[in-house]
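>>> predicted model and sequence follow; I will ask about them next.
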Amino acid sequence: MTTEAKPPHDNTPPVLGDGIVPSYAPAHPGRKWAPLKWIMRSVATLAILSLALGLWAHIRWTKDVDVRMQALEAATPQTRPQRYDENDLKNVPPVVRRYLSQALNVNQPIVRRLYLEQTGTFNRSNNPLVEQWEPFTARQRVATKRPGFVWDAAIKVSPGFTVRVVDAYVAGVGSLQPSIFGLIDVGGDQGNADIARGELIRYFAESVWYPTALLPSQGVQWKAVDDHSAQATLTDGPLTVNLLFAFDADGMVERISSTERSALLNGVMVPMPWEVRLSNYHLHDAMRVPQEGEVAWITPTGRWPYWRGKIDMLDYDMPR
């Protein structure tokens, strides 16, 4: 009788893993991170593209504005330095004489150029009954011989969305060009008579920031209207414009109005009365100029203000 050999006894103690079901381990553990990596790469790519597009828009817009400013400089003739003489006020209406004698000092240098910066709000609504005020910043260069300016503004319509606007009058040509981000031009107009007239009127009204430009020696003709207002006339090339200046109890300009300007509405120039209100006068380079203002169209339903701003910086070019 034979006896089967028994297998050797396994004395290895059991381990914890022998009594539980093994957890699932994917064959390719990196695959579950693939969607997250794709999203991160997409976001990074979009950010880079946005930065590149923003830089391109900035370069494009700056180049366009610089071309206009260079044209403004080229249109400015070289003139001998001039100074204000009180004899220049002999034939102006008393209300104008009172204003200019307060705004200017005796022997005041005549302003040839000006650089200024503004901040404020702009009403972008096309409906006089609705207001949509958005913050803006702007810089502007002005030349008084020959009259001209270039205004470069950035209006923040919403977070991350900016509309750039250049408004200009150079060598007798007016232009208005809004642009989304400074990259996509929308609407605007240039070269027609209505735009040129409107921009020359704007230059003339803003002369309160460079009041030597309102002197008769600088080509302005004054005519009394009543004890508190006077009409001023300025000619540049074939254009002649008129403004009504109203003065406050202290003799300073508080309101300027025109019936010769047209508003650009839906791409069409529409004649509309226009006015500027001024306040908060301060001394700058010995000249008394307003720090704040509001500009509005006067519609059949009432005032339609569209610009409210203040002066942050004034830098004059004039003989010392």
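Looks like it arrived, so ask away. Numbers count the residues shown, from 1 in each chain.
>>> could you pull out the helices in this structure for me?
Listed in chain order, the helices of the chain (DSSP state H) span 34-74, 94-103, 193-205.
>>> show me what the shortest one is packed against.
To tie it back to what came earlier, the one meant is helix 94-103. In terms of contacts (3 or more Cβ pairs under 8 Å, 6 or more residues apart in numbering; DSSP states H and E), helix 94-103 is packed against strand 221-226, strand 229-236, strand 239-247, strand 287-299. In short, each C-beta sits where N, CA and C put it, glycine included.
>>> mind putting the ones you listed in TSV, mean pLDDT and mean neighbour count included?
Output for these, formatted as TSV (pLDDT from 0 to 100; neighbours: other Cβ atoms under 10 Å):
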stretch	mean pLDDT	mean neighbour count
strand 221-226	98	14
strand 229-236	98	18
strand 239-247	98	19
strand 287-299	97	19
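>>> out of these, nearest to residue 277?
Of all those, it is strand 287-299 that lies closest to residue 277, at 4.7 Å by Cβ to Cβ.
>>> give me the contact list for that closest one.
For strand 287-299, contacts defined as Cβ atoms under 8 Å, 6 or more residues apart in numbering pick out 102-105, 108, 128, 208-212, 252-253, 257, 263, 272-283, 303-311, 314.
>>> which members of these are positioned in strands?
For those, the ones inside strands are 253, 257, 263, 274-283, 303-311, 314, with DSSP state E as the criterion.
>>> quick one: buried ones out of the residues you listed?
253, 257, 263, 274-278, 281, 304-309, 311, 314 (16 or more other Cβ atoms under 10 Å).
>>> any low-confidence regions in the chain?
1-38, 40-58, 181-185, 187-191, 267, 320 (pLDDT under 70).
>>> circling back: any idea which of the helices and strands packed on helix 94-103 gets closest to residue 268?
strand 287-299 (14.2 Å).
>>> using CSV, write out every CA atom in that closest one.
What follows is strand 287-299, C-alpha atoms only, in CSV (Å, rounded to 0.1, in the frame of the first residue of the first chain):
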residue,chain,number,x,y,z
MET,A,287,-4.2,132.8,-17.2
ARG,A,288,-7.6,132.2,-15.6
VAL,A,289,-9.2,129.2,-17.3
PRO,A,290,-12.1,126.9,-16.5
GLN,A,291,-11.4,123.4,-15.0
GLU,A,292,-14.8,121.8,-15.7
GLY,A,293,-17.4,121.8,-18.4
GLU,A,294,-20.4,120.2,-19.9
VAL,A,295,-21.3,120.1,-23.6
ALA,A,296,-24.8,119.5,-24.9
TRP,A,297,-27.1,119.5,-27.9
ILE,A,298,-30.3,121.5,-27.6
THR,A,299,-33.1,119.3,-28.9
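>>> between that strand and helix 94-103, how many degrees?
Calculated by axes from the mean of the first three to the mean of the last three Cα atoms, to 10 degrees, strand 287-299 forms an angle of 130 degrees with helix 94-103.
>>> may I have the strands that pair with strand 287-299, each with its orientation?
Strand pairing for strand 287-299, determined by DSSP bridges: strand 274-284 (antiparallel), strand 302-317 (antiparallel).
>>> what residues does the shortest one touch?
Outside of strand 274-284, the residues within contact range by Cβ under 8 Å, 6+ apart are 201, 205, 208, 252-259, 261, 263, 288-298, 303, 310, 314, 316.
>>> again, only using 7 Å
Contacts to strand 274-284, defined as Cβ atoms under 7 Å, 6 or more residues apart in numbering, come from residues 205, 208, 252-258, 261, 288-298, 314.
>>> repeat for stretch 72-82
Contacts for stretch 72-82 (Cβ under 7 Å, 6+ apart): 109-110, 141, 143, 145-146, 148, 150, 170-171, 319.
>>> put together TSV for these, with neighbour count on each row.
Shown next, in TSV, are those (neighbours: other Cβ atoms under 10 Å):
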residue	neighbour count
109	20
110	21
141	21
143	24
145	18
146	16
148	28
150	24
170	24
171	14
319	11
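>>> give me the subset of those residues lying in strands.
141, 143, 148, 150, 170.
>>> what's the closest of these to residue 163?
Nearest member of these to residue 163, counting by Cβ to Cβ, is residue 150, at 17.2 Å.
>>> for stretch 65-72, what is the distance to the chain centroid?
16 Å (Cα atoms, centre = their mean, to the nearest Å).
>>> which residue, other than its chain neighbours, is closest to residue 209?
residue 289 (5.2 Å; Cβ to Cβ, 6 or more residues apart in numbering).
>>> quick check: bridge partners of that neighbour?
residue 282.
>>> again with residue 158
According to DSSP bridges, beta-bridge pairing links residue 158 with residue 161.
>>> how far away is it from residue 134?
Per Cβ to Cβ, to the nearest Å, residue 158 is found 8 Å from residue 134.
>>> now do residue 275
21 Å.
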